[in-house]
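Asks: Any chance you could fold what I've pasted below:
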Amino acid sequence: MITASLALALPACAPATPSAAPVDTATEVAICTVETFDRFIERFSRDAAFQRRTTSDPLVVERYDTDAEPEPWRVESNVALGDVAWPVMPSLERLADSGRTHTVASGADGRMDVVIRTPDTSDQQIYVFRQTPCWQLQRVIDESI
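Replies: Predicted coordinates for the structure are as follows:
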């Protein structure tokens, strides 16, 4: 089980040929199946199998506990890949069909955030990606209340 989980957590970064020698970071980046974030996120949003291979295990999920008293508060949990509902992120191409929008923003630490929201509501999710060395979904922040 642990071996299978670790295999899934190595997002499309397997070397072309097996090697006993360690692979340096520059080589690992060169062997990622999708090199630019624009190409990566386009594929990620439309391909659930690709999402499974490029999502960290565990996936950090933040959400509001709306049953908390006296008011909702944010909780964080680590979700094993086997417990993630796939697809974890909707297709960016189909968002407009449901009245939703998305934006992509880069963070100072090299991360990329994809924000999906429904205008004029609290319905907003932030998908946080980092290169480790390949692009990987590492956190989902659900700000909906």
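Asks: switch to C-alpha atoms for all contacts and neighbour counts from now on
Replies: OK.
Asks: Return the per-residue confidence for D113.
Replies: pLDDT for D113: 97.
Asks: Return the distance of it relative to F50.
Replies: For D113, the distance to F50 equals 18 Å [C-alpha to C-alpha, to the nearest Å].
Asks: Neighbour count: the two, which is higher?
Replies: A count of neighbours by other C-alpha atoms under 10 Å puts D113 above the other of D113 and F50, at 20 against 16.
Asks: Would you check that H102 makes contact with D113?
Replies: No - the criterion here is C-alpha atoms under 8 Å, and H102 misses it with D113 at 10.1 Å.
Asks: shouldn't R130 be in contact with A108?
Replies: No - at 11.4 Å, R130 and A108 do not qualify as touching, with contact defined as C-alpha under 8 Å.
Asks: Look at the two and report which has more neighbours.
Replies: More crowded of R130 and A108, by other C-alpha under 10 Å: R130, with 19 against 7.
Asks: Give me the neighbour count for the nearest residue to the more buried one once chain neighbours are set aside.
Replies: With sequence-adjacent residues excluded and distances taken as C-alpha to C-alpha, 6 or more residues apart in numbering, R130 is closest to R111, at 4.7 Å. Neighbourhood size, R111 [other C-alpha under 10 Å]: 16.
Asks: check contacts around R111.
Replies: V128, F129, R130, Q131 (C-alpha atoms under 8 Å, 6 or more residues apart in numbering).
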